[in-house]
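Participant: 3D model of this:
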Amino acid sequence: MTHSSTAKAAQTVAALWLALASSAAIAQTGAMPHPVTVQPLSPPIVIAHRGASGLRPEHTIASYTLAIEQGADFIEPDLVLTKDDVFVARHENDIIGTTDVAKHPEFAARKTTKLIDGESHTGWFTEDFTLAELKTLRAVERLPKLRPDNTKYDGQFEVPTLAEVIALAKQHSVGGRVVGIYPETKHPSYFASIGHPMEARLVAQLKAAGWDKPSDPVFIQSFEVDNLKRIHAMTGLRLIQLMDANGGPADHAAPSYAAMVTPEGLKAVAKYAYGIGPGLAMIENGDAPPTTLVADAHTAGLRLHPWTFRAENIFLPPSLQNGTDPAAHGRIEDAMRRYLALGIDGFFTDFPGIGVKVRNALKEK
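Facilitator: The predicted structure is shown next:
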């Protein structure tokens, strides 16, 4: 799939975004944080990372609904499969940290240890539960020490299905507004190895919802490579290759993520993906000068949707922290402006309300 024509069509809009991002950075910080050398290929989108997960337990209908109310363009469900092959939204198939499963004596015997993507995990796993059984559980806050206010919602919300997330997005796509979904396939090689392949099932469910074309409000993302290549052969939906600063894809389809972000590596990614989702540190590590990844990816025709902007000090570089409490909120707005000034095409955030405010402030100037 090539995107050069789309990129050319967006140049006028992209140039405007570049100017706005640059002027906003100067206005907010008093000086440019770093030189702006590249342009975004598309007006930036705000992706609600697991919903408004900074304010509600992640991957719940409440979290997604709040994100939509705050103006997010896309809501992100991480997808895992149940024993009866239903997609549900959980960050991991191990649900020990995101549900109250440990408090259910009827499921005590299902606690086990599994090797997933080369790492040992002990807990309870979605593939060992039917959907009906999972629906008896309730979500809990995954980061209670950093987000104690979210714990007041523990025990209130179910584990949602992909079908429920799709219905929610469509319900709010009214009056000219379109709310998209941005699903991630979690551990697809592992699920395939235990007899639960994801690709055809996911494509079929999205197609049944009316989504099969590049213009549809869907991005499919994965940290694996062959998973995305198989999906690419099945649908016209836009695909995002996720990457991290360290390691490599679990399916070993590339030697490392570092190899994938070389100019040649990015050209290879552009053959099946619309863009990349790099960790923030791959673009700018703390307060260090930025890398060339934005420019290199754009040269290959790839959009960049980096992850993840979080408000807590522990997730921000020293220059943007407020005080020494790891859970206190720092200057997340300035962090977002800094990356927008570097030319990114969208971003993931646990605080979509803040992200929309920052993005829209640039748009209105």
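Participant: in the protein, which spans are helices?
Facilitator: 4-9, 11-29, 61-69, 131-134, 162-171, 188-193, 199-208, 226-232, 257-260, 263-269, 293-299, 332-341, 352-364 (DSSP state H).
Participant: looking at those helices, which is closest to Asp325?
Facilitator: With CB to CB, the closest approach to Asp325 among the helices of the chain belongs to helix 332-341: 14.8 Å. To be clear about C-beta, it is placed using only N, CA and C from the backbone, and glycine gets the same treatment.
Participant: quick one on the thing from earlier: can you list the helices of the chain in JSON lines and add mean neighbour count, distance to Pro77 and mean pLDDT?
Facilitator: What follows is the helices of the chain, written out as JSON lines (neighbours: other CB atoms under 10 Å; distance: least, CB to CB, whole Å; pLDDT from 0 to 100):
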{"stretch": "helix 4-9", "mean neighbour count": "12", "distance to Pro77": "26", "mean pLDDT": "36"}
{"stretch": "helix 11-29", "mean neighbour count": "17", "distance to Pro77": "28", "mean pLDDT": "38"}
{"stretch": "helix 61-69", "mean neighbour count": "22", "distance to Pro77": "8", "mean pLDDT": "98"}
{"stretch": "helix 131-134", "mean neighbour count": "18", "distance to Pro77": "14", "mean pLDDT": "98"}
{"stretch": "helix 162-171", "mean neighbour count": "18", "distance to Pro77": "5", "mean pLDDT": "98"}
{"stretch": "helix 188-193", "mean neighbour count": "20", "distance to Pro77": "15", "mean pLDDT": "98"}
{"stretch": "helix 199-208", "mean neighbour count": "17", "distance to Pro77": "11", "mean pLDDT": "98"}
{"stretch": "helix 226-232", "mean neighbour count": "21", "distance to Pro77": "16", "mean pLDDT": "98"}
{"stretch": "helix 257-260", "mean neighbour count": "18", "distance to Pro77": "23", "mean pLDDT": "97"}
{"stretch": "helix 263-269", "mean neighbour count": "16", "distance to Pro77": "23", "mean pLDDT": "98"}
{"stretch": "helix 293-299", "mean neighbour count": "21", "distance to Pro77": "25", "mean pLDDT": "96"}
{"stretch": "helix 332-341", "mean neighbour count": "23", "distance to Pro77": "23", "mean pLDDT": "96"}
{"stretch": "helix 352-364", "mean neighbour count": "20", "distance to Pro77": "14", "mean pLDDT": "92"}
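Participant: Switch these over to a markdown table; also include distance to Val46.
Facilitator: Below are those laid out as a markdown table (distance: least, CB to CB, whole Å):
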| stretch | distance to Val46 |
| --- | --- |
| helix 4-9 | 20 |
| helix 11-29 | 14 |
| helix 61-69 | 9 |
| helix 131-134 | 29 |
| helix 162-171 | 14 |
| helix 188-193 | 26 |
| helix 199-208 | 21 |
| helix 226-232 | 23 |
| helix 257-260 | 24 |
| helix 263-269 | 23 |
| helix 293-299 | 18 |
| helix 332-341 | 9 |
| helix 352-364 | 4 |
